[in-house]
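Engineer: Here is a sequence together with a model predicted from it:
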Amino acid sequence: MLACLAFVAGDVMAACNAPDGTEVELDYSIDPSRDVFAIGESATMTLLVDAVPYATETLDTSGVSTTENDKHHKLTYADGKEDSPGDCSITFDYTVVKVESVTADSSRCFDGQQISFTAIPLPSGTDFPSGCPIWSASAGSFPGGNVGPSVVWQAPSGSGAAATITATCGSSSACNAVTYVHIDREGGGGSLLRQARDAFTFVVEPAGTDVSISALSVPPSLAVTINDLAVEVDNILDDTIYAYIDNVASVEFEASLPGTEWLKNIGIDWDLKKEFRKIRQLQEATNFRSVGCDCE
């Protein structure tokens, strides 16, 4: 039915004569109603004679365009004037697009973080048709939706691995692989007595991923040594302290992926056991024998 057909606006109708000599007007409708199609997409052109459907043909979308509007489909009103067949035909120019490649603003991130992806069309400079591309991922999600030329992908949390992000438009597709990195620690934290050391290691998944570790803030009661992913934390309180100490000392570690802007902070707390020490100079000045005690 004519009411179900979608019209492409802005085209000039062609005049033609019917067999009885009356003048008729030629127009066309395109379904779906646009002039850009995905490669392999089903699309038709209908010739309208005085706004009435006359003939419908399938558009060729099997090959991608080399330039914009380089595809042409011609429909002819067969009952037109024999001496002027060109006046009784109408031509539709259109573009067939595919996904040429997929770009990402980063090839790595930490788990739970986000990367933006963009699909590049061919021919260059054209727009994708509505509803294209459709995105999929071997892991993670698209919090803002998975349709359109650009999307935001969010990596899974709690693990690290490689993920493949794919953009599909019609029968074409392209993908990009990224790595999301999870970092955890084996050991670290808990009680730390005076002059004691806590040694632990950061563990990276996938194994072998290049991650740099640094300490952002170190309290004066602790000393931190970092060797690649191995860390040593020393309680450097000495026995000249005349105080009760039962506070928690915290170190904020920062993990980074070299060559990217991605960072992840990891805070670790140590409970410095309660201690009591008398100042040696006070003992000597008063010549008073006193006994210090350690209280835990």
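Structural biologist: In hand now; what should we look at?

Engineer: Checking the closest residue to Asp228 other than its chain neighbours next. Helix, strand or coil?
Structural biologist: Excluding its sequence neighbours, the residue lying closest to Asp228 (CB to CB, 6 or more residues apart in numbering) is Ile213, at 7.6 Å. Any C-beta I mention is one placed from the backbone N, CA and C, and that applies to glycine too. For Ile213, the secondary structure call by DSSP: H, G, I helix; E, B strand; the rest coil comes out as strand.

Engineer: who are the neighbours in contact with Ile213?
Structural biologist: For Ile213, the contact set (CB atoms under 8 Å, 6 or more residues apart in numbering) comprises 202, 226, 228-229, 231, 253-255.

Engineer: Apply 7 Å and report the result again.
Structural biologist: Counting by CB atoms under 7 Å, 6 or more residues apart in numbering, Ile213 touches 202, 226, 229, 253, 255.

Engineer: what's the answer for Glu68, then?
Structural biologist: Going by CB under 7 Å, 6+ apart, Glu68 touches 95, 123, 126.

Engineer: And the helices in the stretch 51-200 of the chain?
Structural biologist: Counting by DSSP state H, counting those that start in this stretch, one finds no helices in the stretch 51-200 of the chain.

Engineer: Tell me where it has strands.
Structural biologist: For the stretch 51-200 of the chain, applying DSSP state E, counting those that start in this stretch gives strands covering 52-58, 71-76, 89-104, 108-110, 114-122, 134-137, 150-154, 161-169, 172-186, 190-191, 197-205.

Engineer: Relative to the last one, what are the paired strands and their orientations?
Structural biologist: Partner strands and pairing direction for strand 197-205 (DSSP bridges) are strand 172-186 (antiparallel), strand 230-235 (antiparallel).

Engineer: Kindly report the same for the third one.
Structural biologist: Strand pairing for strand 89-104, using DSSP bridges, gives strand 36-38 (parallel), strand 71-76 (antiparallel), strand 114-122 (antiparallel).

Engineer: Check these for me and report the most buried one.
Structural biologist: Ranked by mean neighbour count, these are led by strand 36-38 with a mean of 23 (mean count of other CB atoms under 10 Å).

Engineer: Could you tell me how far that one lies from the centre of the chain?
Structural biologist: Distance, stretch centre to chain centre, for strand 36-38: 25 Å (CA atoms, centre = their mean, to the nearest Å).

Engineer: Helix or strand next in line after that strand, which one?
Structural biologist: Heading C-terminal from strand 36-38, the first helix or strand you meet, by DSSP states H and E, is strand 44-49.

Engineer: Ser65 versus the closest residue to Asp210 other than its chain neighbours, what's the distance?
Structural biologist: For Asp210, ignoring the flanking residues on the chain, the nearest one in space by CB to CB, 6+ apart is Pro258 at 5.6 Å. Applying CB to CB, to the nearest Å, the value for Pro258 to Ser65 is 41 Å.

Engineer: Which of the two has more residues huddled nearby?
Structural biologist: A side-by-side neighbour count of Pro258 and Ser65, using other CB atoms under 10 Å, places Ser65 first with 21 against 9.

Engineer: Look up which residues are beta-bridged to Phe200.
Structural biologist: Phe200 forms beta bridges with Val231, as assigned by DSSP bridges.

Engineer: so it makes contact with Gly188?
Structural biologist: Yes. Assessed by CB atoms under 7 Å, Phe200 is found in contact with Gly188 at 3.6 Å.

Engineer: okay, and for the stretch 51-200 of the chain, where does confidence drop off?
Structural biologist: Along the stretch 51-200 of the chain, segments meeting pLDDT under 70 span 79-87.

Engineer: how far away is the nearest residue to Asp70 once chain neighbours are set aside from Ser159?
Structural biologist: Excluding its sequence neighbours, the residue lying closest to Asp70 (CB to CB, 6+ apart) is Thr95, at 7.1 Å. Counting by CB to CB, the separation of Thr95 from Ser159 is 42 Å.

Engineer: Over to Asp271?
Structural biologist: 30 Å.

Engineer: can you tell which of the strands of the stretch 51-200 of the chain is closest to Asp27?
Structural biologist: Closest to Asp27 of the strands of the stretch 51-200 of the chain is strand 89-104 (CB to CB; 7.1 Å).

Engineer: what is the orientation angle of that closest one with strand 44-49?
Structural biologist: 150 degrees (axes from the mean of the first three to the mean of the last three CA atoms, to 10 degrees).

Engineer: what are the C-alpha coordinates of whichever strand or helix holds Cys16, in PDB please?
Structural biologist: Using DSSP H and E, Cys16 falls within strand 14-17. The C-alpha coordinates for strand 14-17 follow below in PDB (Å, rounded to 0.1, in the frame of the first residue of the first chain):
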ATOM      1  CA  ALA A  14       9.600  13.700 -13.900                       C
ATOM      2  CA  ALA A  15       6.800  14.300 -16.400                       C
ATOM      3  CA  CYS A  16       5.700  11.700 -18.800                       C
ATOM      4  CA  ASN A  17       2.700  10.800 -21.100                       C
END
